[in-house]
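Enquirer: pasting the sequence and the predicted coordinates here, then a few questions.
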Amino acid sequence: MLPIGEMLRVLNALEAAGCEVWVAGGWGIDVLIGRVTREHHDLDLLHRAEQEPLVIGELESSGYAERPGAVPGRPARFVMTDGRGHELDLHPLHIAGDGSAVQHLDDRGAAFHYPAAAFVTGTIEGVRVRCLSVDQQVAFHQGYDPRDRDLRDMASLRAAFGVTTHF
């Protein structure tokens, strides 16, 4: 499990190093809601692709190492873990001048496209955190059979924001 203290420690270290990251996944939903709603297995972090060496260097100095063999792997994402069992799922983004972004999924041109409005700020434990918007979170929770945690996450967004989700 990755507790809130570790999430905030990682974010503080990256921010202090000048890395621009956004929290996604379950922690991203909790940041939007403003409180911890469930236990989290990992921390999904989106980062500027051009800052990847800086991000990796800072995480390595914080005790993390890249874990080979994550599926899917690069260029879409890569995983770093520490000796305490904490896991970070990192997603490189290519940010355009208008604030939108592209995440390359493979070498054949498949990609996720993020509108500029997808990048917002939430707050948890009094800390402002860059994250993905409610609309982007809902969009990413489509097209697959949901796990129990996905059902809980969407229920949390519906309750907090009155949005419609497909499950």
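Expert: Ah, there it is. Numbering: from 1, shown residues only.
Enquirer: which stretches in this structure count as helices?
Expert: For the chain, the helices defined by DSSP state H occupy 4-16, 25-33, 52-61, 134-140, 148-161.
Enquirer: quick one: closest of these to Thr121.
Expert: Thr121 lies closest to helix 25-33 among the helices of the chain, at 8.5 Å (Cβ to Cβ). Just so you know, the C-beta spots here come from the backbone N, C-alpha and C atoms, and that holds for glycine as well.
Enquirer: what does the closest one contact?
Expert: With contacts defined as Cβ atoms under 8 Å, 6 or more residues apart in numbering, helix 25-33 is touched by 2, 7, 22-23, 36-38, 40-44, 89, 120, 122-124, 129, 131-134, 137, 149, 153, 156-157, 160-161.
Enquirer: just to revisit the earlier point, winner for burial among the helices of the chain?
Expert: Highest mean neighbour count among these (mean count of other Cβ atoms under 10 Å): helix 25-33, with a mean of 24.
Enquirer: tell me how far that one lies from the chain's centre.
Expert: Relative to its parent chain, helix 25-33 has a centroid offset of 9 Å by Cα atoms, centre = their mean, to the nearest Å.
Enquirer: quick one: that helix to helix 148-161, angle?
Expert: 10 degrees (axes from the mean of the first three to the mean of the last three Cα atoms, to 10 degrees).
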